[in-house]
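Participant: predicted model and sequence follow; I will ask about them next.
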2 protein chains.
Amino acid sequence: MINQTYKKMLTGKSVIRELSEYATARGKEIGYENVFDYSLGNPSVPCPKEFTEEMLSMLEKEDPMAIHGYSPSLGIESVRTAIAESLNQRFGMEYQTEHIFMTSGAAGALAHALRCVTKPGDEVLIFAPYFTEYEHYVGGTGAVLRIVPADTETFQINFTAFEEMLTEKTAAVLINTPNNPSGIVYSKETIQRLAAIMEERQKQFGHDIFLISDEPYREIVFSGEESPYISKFYRNSISAYSYSKSLSLPGERIGYLAANPACTDADKIAVICSQISRGIGHNCPPSSIQLAVAKVLDKTSDLSVYETNRNLLYQALVEIGFSVVKPGGTFYIFPKALEEDAKAFCMKAKEYDLILVPADGFGCPGYFRMAYCIDTEKVKRSIPVLKRFAKEVYGMSVC
Amino acid sequence: MINQTYKKMLTGKSVIRELSEYATARGKEIGYENVFDYSLGNPSVPCPKEFTEEMLSMLEKEDPMAIHGYSPSLGIESVRTAIAESLNQRFGMEYQTEHIFMTSGAAGALAHALRCVTKPGDEVLIFAPYFTEYEHYVGGTGAVLRIVPADTETFQINFTAFEEMLTEKTAAVLINTPNNPSGIVYSKETIQRLAAIMEERQKQFGHDIFLISDEPYREIVFSGEESPYISKFYRNSISAYSYSKSLSLPGERIGYLAANPACTDADKIAVICSQISRGIGHNCPPSSIQLAVAKVLDKTSDLSVYETNRNLLYQALVEIGFSVVKPGGTFYIFPKALEEDAKAFCMKAKEYDLILVPADGFGCPGYFRMAYCIDTEKVKRSIPVLKRFAKEVYGMSVC
């Protein structure tokens, strides 16, 4: 019989998906160029040409059985080694091949890391605002998700709440910096304080508390910002990375998990993950994509458009009178809505063909997210519309 | 803390992997051409050139954002439609797009199908000999795996045992034809009888019993054999397919799940699977591979080598005096060992650089598997060695 638990999940439709579907439908009516679709976090720049060149060269010259053959379930060894070396060079770490596990994007890395360091009944702490899929990754392990409320002044960490919620039951803390949806980059001070508290509690409770760091936006950090490498600050840490954003390859589902060489059972985490894969029926990312990505590890797409868009939008939002913290990275901005009910606010914006996402689902009611991974030209055209909307509906005095 | 359940899994090393690693190491000593490695089920023929051409053409001509962009979690709609149409044409089915869910090979399809139609505590029946990973796919759902013993006369179904074990607790029956490891193709009579029993028990118990059909070898069926399409025979059926073998793309991790349009909740199975994916952190196969495969759905690699190898090996094994059922497909053959302990038998064969896999792990002690997806030239060279081994160690009177 069809599993009723999963069947019930069908009723909860994703707000983001609904809005994105609306934007597409509306685009068919009035032309998609006239819909200011800030709903989806889809990269808007192509992959680096070096990636395409590597793919073409492999397909033209190499033995198809070598390119398309089985990858070990941990990932192709040479690829894992190349990633370890790249991370060591960039961040002064000491990863070896054995610490790297190839995954289906950061999602796969997070789901594996969470299964690896929790057991059913344990607690996992995350910080609002958070990426909605975390609920599912944690739910899949049988552990209990607990949400630390946001510090809406800065969107750094609400340490008062965190210290209260970090108990003996906590097996893991999951962070995401640069952050989706706030766009905020955790400062060095935030990370040091987080690490110090966790170290102290580990001692107090006499068991490991793992810090799982979701890092798909690691390469999208704007000028003047510093994005510290998390594993430099805390021993029991695991990084989850994706090439979806840095190389604009979201559909190819490639990323990795990197276990801090200093963490408990560091030499076992990747092999445990390969055991976890067996029950899921998913073994490692596609072989050809692994091989091509390994050749362009230190490249990125041209990510400068995101900073341009951030500058335009931040300035406009401030001018209009929105309360908004300036993003340090990603391609998201996270203003406070102009009325208490962000859902109602976004519904009204829709009438102006502005597609904004209310942040209730991100654990931060009253706010909304704009994903500005769209053409700069469209961002520019959206600003007068945003101003008109704020003026006509909320009486904001903008020119 | 590291999950102890998963950590304990590390101790049980795969016999196949151990043998394969031995073969590689031994190859370094004496030259891999001198190791008769029948351990791994890795395709030995390249993908069709049309696949490579499609990949090249896409990478050269198409917008990188279209090729590498996010795929919906159900799979790319045009790809799902193309698969439905191809199946309808080949097998006279009535699949629509909504019945197809793109997966990470047959493994992903099986793991999703099992989660979809069971709940923890339910029973899932499989038939010995069986693909060892089934234990993990079923284990991952929380359902209980029950193994129907083999009919070693024919390697069709042991119906006496099946009828005893098919109880009110059974939520699903998982079959694999053409079969790994036996190489046997279930006859039409076998499938009809299986379907009739299951239909009757559904009525008796008043609940659905799903038939999950693992079909990665569907295209590898030898001349004179008929391989009936399972879903033609039973309403509550789900097919799990992989392009790993038919297109020789095992590393690209692409396959699909096809829900019988006549089954209970047929329109919901694919969307339920996309919900299941969320907790696993794995969403659908790579976008570029989906797009290229959709263009070559009805092609296969040149699979004729497998039949040539089957003929050579079957004849040799019979000549030597092995008890062996002639395979109708796949690239496996499954003889009875020349002593009761198949592990000891395979250890002795190793001394002759013959790498054979004992079938204890396949739920069929006393037998061994040879994966003859290797060069025909090597198969030919292995035969005198096989004969010498059988003669010297077991006194078989072969010339």
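Facilitator: Perfect, thanks for sending it.

Participant: where do the helices of the stretch 251-399 of chain A begin and end?
Facilitator: A:269-280, A:287-294, A:304-320, A:342-350, A:376-394 (DSSP state H, counting those that start in this stretch).

Participant: can you redo the ones you listed as TSV with distance to residue B:390?
Facilitator: Placement of C-beta: from N, CA and C, glycine included. Output for these, formatted as TSV (distance: least, C-beta to C-beta, whole Å):
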stretch	distance to residue B:390
helix A:269-280	35
helix A:287-294	38
helix A:304-320	68
helix A:342-350	75
helix A:376-394	74
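
Participant: looking at those helices, which is closest to residue B:340?
Facilitator: helix A:269-280 (30.0 Å; C-beta to C-beta).

Participant: which residues does the closest one contact?
Facilitator: Identification of contacts with helix A:269-280 by C-beta atoms under 8 Å, 6 or more residues apart in numbering or on different chains yields A:72-74, A:98-101, A:103, A:112-113, A:115-116, A:238, A:257, A:259, A:263, A:265, A:283-284, B:2-3, B:6-7, B:9-10, B:108, B:111, B:133, B:136-137, B:139-140, B:280, B:282.

Participant: check the offset of it from the chain's centre.
Facilitator: Distance of helix A:269-280 from the chain centroid (C-alpha atoms, centre = their mean, to the nearest Å) equals 22 Å.

Participant: and the angle for that helix with helix B:266-280?
Facilitator: Put simply, helix A:269-280 runs at 170 degrees to helix B:266-280, going by axes from the mean of the first three to the mean of the last three C-alpha atoms, to 10 degrees.

Participant: avg pLDDT for helix A:269-280?
Facilitator: Across helix A:269-280, the average pLDDT comes to 91.

Participant: can I get that helix in CSV? Just the C-alpha atoms.
Facilitator: Output of helix A:269-280 as CSV, limited to C-alpha atoms (Å, rounded to 0.1, in the frame of the first residue of the first chain):
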residue,chain,number,x,y,z
ILE,A,269,33.2,9.7,7.9
ALA,A,270,33.6,9.3,4.1
VAL,A,271,33.4,5.5,4.2
ILE,A,272,30.4,5.7,6.6
CYS,A,273,28.7,8.0,4.0
SER,A,274,29.3,5.5,1.3
GLN,A,275,27.5,2.9,3.4
ILE,A,276,24.6,5.3,4.0
SER,A,277,24.4,5.7,0.2
ARG,A,278,23.6,2.0,-0.2
GLY,A,279,20.3,2.3,1.6
ILE,A,280,19.3,5.4,-0.4
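
Participant: buried set for that helix?
Facilitator: Of the residues in helix A:269-280, A:269, A:270, A:271, A:272, A:273, A:274, A:275, A:276, A:277, A:278, A:279, A:280 count as buried by neighbour count, 16 or more other C-beta atoms under 10 Å in any protein chain shown.

Participant: what's the next secondary structure element after the helix or strand hosting residue A:147?
Facilitator: Using DSSP states H and E, residue A:147 sits within strand A:144-148. Sequence order places helix A:159-165 as the next helix or strand after strand A:144-148, per DSSP H and E.

Participant: ok, the residue lying closest to residue A:181 once chain neighbours are set aside - contacts?
Facilitator: Excluding its sequence neighbours, the residue lying closest to residue A:181 (C-beta to C-beta, 6 or more residues apart in numbering or on different chains) is residue A:369, at 4.0 Å. The contact partners of residue A:369, by C-beta under 8 Å, 6+ apart, come to A:38, A:181, A:332, A:333, A:334, A:356, A:357, A:359, A:362.

Participant: sketch out the low-pLDDT regions of the stretch 201-350 of chain A for me.
Facilitator: For the stretch 201-350 of chain A, no stretch is flagged by pLDDT under 70.

Participant: can you name the residues of it sitting close to chain B?
Facilitator: Counting by C-beta under 8 Å from any C-beta of the partner chain, the positions of the stretch 201-350 of chain A adjacent to chain B are A:207-208, A:248-254, A:264-265, A:268-269, A:271-272, A:275-276, A:278-289.
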